[in-house]
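> Output the structure for:
(one chain, ligands or ions: 1)
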Amino acid sequence: MHDTTDRTLGRLRRFVDEWLLAAQYRHRAALEVTSWEVPDEPVPFSQAIQGRYRPHPTGTPWGKPWGTVWFHVTGTVPPEWSGEIGAGQVRPELVVDLGFSGANPGFQAEAIVYSAEGEILKALEPRNQYVVLPAAAGDRIEVYIEAAANPDVPQGSFTKPTTMGEKSTADPSELYTLRTVDVALLDVPVWELVQDVTALGGLVEELSAQDPRRGQIVAALEDMLDAIDPADLPGTAQAGRAALATVRSAPAHASAHCIHAVGHAHIDSAWLWPVRETVRKCARTFANVLALMETDPDFTFACSSAQQYAWIEQYYPELFVRIAEKVREGRFIPAGGMWVESDTNMPGGEAMARQFLEGSGYFLDTFGVETTDVWLPDSFGYTGALPQIAAAAGKDAFFTQKMSWNDTNAMPHHTFDWEGIDGSRIFTHLTPVDTYNSDLSARELARAQRQYTEKGRANTSLVPFGHGDGGGGPTREMIAAARRTADLEGSPKVVLSSPARFFAAARAEYTRPPVWSGELYLEYHRGTYTSQHRTKAGNRRTEHLLREAELWAATATVRTGAAYPAQDLQRLWRTVLLHQFHDILPGTSIAWVHREAEQRYTETIAELEQIIATALAALAGEGTEEVTFNAGPFPRGAVPALGAGAAAGTADDGVTDLVRDDTGVVLDNGRLRVGIDGRGLITSVLDLRTGRQALPPGQVAGLLQVHRDIPNQWDAWDIDEHYRRNVRDLTEAISIQEITDTSGGAGVQVQRRYGDSRIVQRYLLPDGARRVELTTEVDWHERHTLLKLAFPLDVRAEQAASEIQFGHINRPTAANTSWDHARFETVAHRWVHVGEPGYGFAVANDSTYGHDITRTTRADGGTTTTVRQSLLRAPMFPDPDADQGRHTLRSSLVVGAEIADAVTEGYRINLPERTVSGSGAVDPLVQVSDPAVVVEAVKLARDGSGDVIVRLYESRGGRARATVTPGFQATGALATDVLERPGTDRGVEVDPDGRVELDLRPFQIVTLRFGRP
Ligand SMILES: [Zn+2]
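Numbers count the residues shown, from 1 in each chain. Below is the predicted model of the structure:
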């Protein structure tokens, strides 16, 4: 037989483009449109309908960037359509084209449609432009359309600086031109034929030329084309569909991959739009979902992020009632159980726990729904602490997609047990479709099947479908695609499903999955640990202030009966949790988002300081003695951990001497002797106890280094490896002056200039300390420049320990494998430790996350291990002014440090003591007998019972036995989960008087709940 496949497919393309798509609507009639432009920020419906509306015919521009225009649309369903409507197979719809561009849904104009009475009907999006009108011929139509003139910020490039990220800098020209506002008559059989042709035509593209199935489908498509009269599609569409019936009904191969298609909308809680727009994006997306549920009884939708439900509850109560009803029906499915889809690299341990406490707590309190999965398709890598935290929050499954973005190595598994740093394991699935925004096209389904790595042992994957990033959600076309591929020869089998159903099926077929141990390091977006430093500093500061506020408020309640500010603390936690969203804390949002984030942090800090001050005043009582409060988990001098006392003076022999000689300055406190040369660089750090020199010969510590930092693709996201090869050391000083510290210690202050930037470095050797403290004040005006602070150390560290949540992770310092090589920039929380057996160093910080740690062998045969902190960047997209302006960063180098010293220093540098006037000591609410077991949080229970909650963990990576003794009359104690419900008591034994004996495995987290009379 002659092969005419190409000509048949060419004929099909012309038929689809020129006749079929246009014939989906049989008739159209234009409606009357008037408009009112909102003066500034969005207003609610009740206010919008009071606006002064003016005629706005199609063809008229609208919408300044970030502006809102309300359209009032009126008209009637043409009476002459009554015959066709009466005959069925057709449906009147409102069809609106706001002037949509080719940009993706969620990255341009969007709108929500209200009835004249203010009920939300549905949204309008670029590829979803209809609203079903339950109207008969002759019926009057009246709707309001709230249209958002959101700009396409990237315009196809994630590197070019843009002014669109702020209302104040955006060009105020109108962005869109209203194109269509019609009532139109949908021809349902023609629409169904479009779906048939899309599914089968797409499948043809995925099948090999030798596959008999491909030939059969092409022949059927040819028969369809022959059966249809393009001039009479309404009359011949059914005949065309009939020609496809046989190939449509051929069942899938017995071995076909099984895809659980989960309706979803990835809605970034802020990104290339501000938080306030996300609130409206949620409303639009959820309105689309509810509209689909009306027309399709089988359709379900999985939605993560309690914050997004809470926004709807607050701003769209009517919509929320309808969502809650669908949640009760099991169709609108809360997923994930976190407050937002947070970054997991940078949030601290307690904050990660609170993401689950607030998220899952909200789902339980609001809907009575217990979520059992972790849903993080898009965050930039996953901490090795997550399996244990998730398990402690009652989760047993984890879903993501982002690891497919690795730039070097492909993950070997799609379904596996992921093992965290403590040994906890969580059943994990990385979708092989490599997107969380699938359209269920034949191409994407085939990709999922092709790439799936568990073939032979398992055969099931999860594919989230629906427009995402900027929301939009599933469309009726996607559901049509799912129906056609439920059991279709040549295609994977698609079942409309939920996360829970997927995980049950995947677990059942894969009883011995492979194991991945340690972090899921994303080999990409390595700049996200550093970009937008003020946002990161705000996160670190507020996390520690929340610890202090809860600790002192709880202590004040137990000790003095003061009221516990539970609601304020919850609100402030939720603010901090929101800003840990995976495009805010990583520094990858527009200027508007980061400006607001900094503002929110400033307000949050002020409120927390007030809560702390109130609690301290209550605890310190009346008096004029100096009372020092220590919120850290370790005693400081005479001041107990988690309590208050009189600060001890420094012993005389520990006072730092400063001696000036011809090489510079020497600081000596009897423990360390630190040399600083005439350039203001640390040339020597001598450990006087051991005689060991910390620095390699000829090298200097505290060295600032600037690198050209121009990533290939994603400006704020990426540090590319080539940055290393362009470096300049900042060794010139403008001035050097001696300083002393009021709390004891001496050092020098060095002024430097680089480009348009000014830098003040302060080195301080505190009295009696084994550490050098460094403060770097920068007024930063560089672009595409990475500022690093280097600590070259004379130590052969095989691996570096970096603090993460509730513990640390060891990463090799060599780059033997492609995995090691790709890990050239890494995240650490408060400290990094490098060492040899018996001797090491800690490098700690108060607001830095990005690090690189490398190792070289010197000519003298010794090894230099260099720890560098990534202080600042200056990417130019999406915020052209990222990191410009003033920053203060504190660091410290601890000499002769074990892991335990690093842990201690991490808390010290982030939790300064507070001294107030009062009348005496405050006993801690709890005492722990073993310093390896660290108290991470002390608070009152979320249920308002007054019970005291204490979260602890083993901090060194070893076994620990400890006694936890309540410092108040406890009526008993029990181990709980993160949600403060009775949980696993492995390793926990409670005495009748509330004393708890702990027997912990490495890095084990324990949450204890102490009852009070
Ligand atoms: Zn995202």
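> Please count neighbours and contacts with C-alpha atoms only from this point.
OK.
> Can you list the strands that the lowest-mean-pLDDT helix or strand in the chain pairs with?
Within the chain, no helix or strand scores below strand 988-990, which has a mean of 90 by mean pLDDT, DSSP states H and E. If you go by DSSP bridges, strand 988-990 pairs up with strand 996-1000 (antiparallel).
> quick one: Tyr907 from the ion, how far?
From Tyr907 across to the ion, the span is 31 Å (CA to the ion, to the nearest Å).
> per-residue confidence at that residue?
Looking at Tyr907, its pLDDT is 98.
> by contact count, what packs against the helix or strand where it lies?
Secondary structure assignment for Tyr907, by DSSP states H and E: helix 899-910. Judged by 3 or more CA pairs under 8 Å, 6 or more residues apart in numbering; DSSP states H and E, helix 899-910 is in contact with strand 831-836, strand 839-845, strand 885-895.
> I'd like to check what contacts that helix. Which residues are they?
541, 544, 632-634, 830-833, 841-846, 890-891, 894, 932, 955-956 (CA atoms under 8 Å, 6 or more residues apart in numbering).
> cool, and stretch 47-61?
32-36, 38, 70, 72, 174-181.
> List buried residues within those residues.
Buried by 16 or more other CA atoms under 10 Å: 32-36, 38, 70, 72, 175-181, out of the contacts of stretch 47-61.
> Please list the members of those that lie in strands.
32-36, 70, 72, 176-177, 180-181 (DSSP state E).
> Of those residues, which fall within the contact range of the ion?
Filtering these for proximity to the ion by CA under 5 Å from the ion leaves nothing.
> Looking at these, which one is closest to the ion?
Using CA to the ion, the shortest approach to the ion within these belongs to Tyr176, at 25.9 Å.
> Report the residue spans of the stretch 501-650 of the chain with pLDDT below the cut-off.
Across the stretch 501-650 of the chain, the ranges flagged by pLDDT under 70 are 648-650.
> quick one: the strands in it?
Using DSSP state E, counting those that start in this stretch, the strands found in the stretch 501-650 of the chain span residues 515-517, 625-630, 643-645.
> repeat for the stretch 651-800 of the chain
657-661, 664-668, 672-677, 682-687, 692-693, 703-708, 727-730, 735-740, 745-754, 757-766, 771-780, 785-794, 799-804.
> Next, the buried residues of the longest helix along the chain.
Of all the segments of type helix in the chain, defined by DSSP state H, the longest one is helix 591-620. With burial defined by 16+ other CA under 10 Å, the residues of helix 591-620 counted as buried are 591-594, 597-598, 600-601, 604-605, 607-609, 611-616, 618-620.
> Not counting sequence-adjacent ones, nearest residue to the closest residue to the ion within the stretch 901-1013 of the chain?
For the stretch 901-1013 of the chain, the residue closest to the ion is Val978, as judged by CA to the ion, at 25.4 Å. Excluding the flanking residues, the one nearest Val978 by CA to CA, 6 or more residues apart in numbering is Ala393, at 4.9 Å.
> before we move on, the earlier item: redo the strands of the stretch 651-800 of the chain as CSV? Include mean pLDDT and mean neighbour count.
Below are those laid out as CSV (pLDDT from 0 to 100; neighbours: other CA atoms under 10 Å):
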stretch, mean pLDDT, mean neighbour count
strand 657-661, 93, 15
strand 664-668, 97, 22
strand 672-677, 98, 23
strand 682-687, 98, 22
strand 692-693, 98, 17
strand 703-708, 98, 20
strand 727-730, 98, 15
strand 735-740, 96, 15
strand 745-754, 98, 20
strand 757-766, 98, 22
strand 771-780, 98, 21
strand 785-794, 98, 24
strand 799-804, 98, 23
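> Quick check: residues of this structure near the ion?
268, 378.
> Whatever residue of the stretch 601-750 of the chain ends up closest to the ion: neighbour count?
Going by CA to the ion, the ion is nearest to Trp717 of the stretch 601-750 of the chain, at 12.7 Å. Here the number of neighbours of Trp717 (other CA atoms under 10 Å) works out to 27.
> thinking again about what came up before, let me have the helices and strands packed on helix 899-910 in CSV, extended by mean pLDDT and mean neighbour count.
Shown next, in CSV, are those (pLDDT from 0 to 100; neighbours: other CA under 10 Å):
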stretch, mean pLDDT, mean neighbour count
strand 831-836, 98, 25
strand 839-845, 99, 26
strand 885-895, 98, 20
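> Compare the ones you listed and give me the one nearest Gln570.
strand 839-845 (27.1 Å; CA to CA).
> Paired strands for that closest one, with orientation please.
strand 831-836 (antiparallel), strand 885-895 (antiparallel).
> what's the distance between it and the middle of its chain?
Put simply, strand 839-845 sits 29 Å off its chain's centre (CA atoms, centre = their mean, to the nearest Å).
> With stretch 940-958 instead?
25 Å.
> hey, C-alpha coordinates of that stretch in CSV?
Taking Å, rounded to 0.1, in the frame of the first residue of the first chain, the C-alpha atoms of stretch 940-958 are listed here in CSV:
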residue,chain,number,x,y,z
LEU,A,940,2.0,26.7,75.4
ALA,A,941,-0.2,24.1,73.6
ARG,A,942,-2.2,25.2,70.6
ASP,A,943,-5.5,23.9,72.1
GLY,A,944,-5.5,26.6,74.8
SER,A,945,-5.3,24.0,77.7
GLY,A,946,-2.3,25.7,79.2
ASP,A,947,-0.1,22.6,78.8
VAL,A,948,3.6,23.3,78.2
ILE,A,949,5.0,22.0,74.9
VAL,A,950,8.8,21.4,74.7
ARG,A,951,10.5,20.3,71.5
LEU,A,952,14.0,18.8,71.8
TYR,A,953,16.4,17.0,69.5
GLU,A,954,19.7,15.2,69.7
SER,A,955,22.0,17.7,68.2
ARG,A,956,25.4,16.0,67.5
GLY,A,957,24.5,12.9,65.5
GLY,A,958,25.1,10.4,68.3
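> Nothing else from me, thank you.
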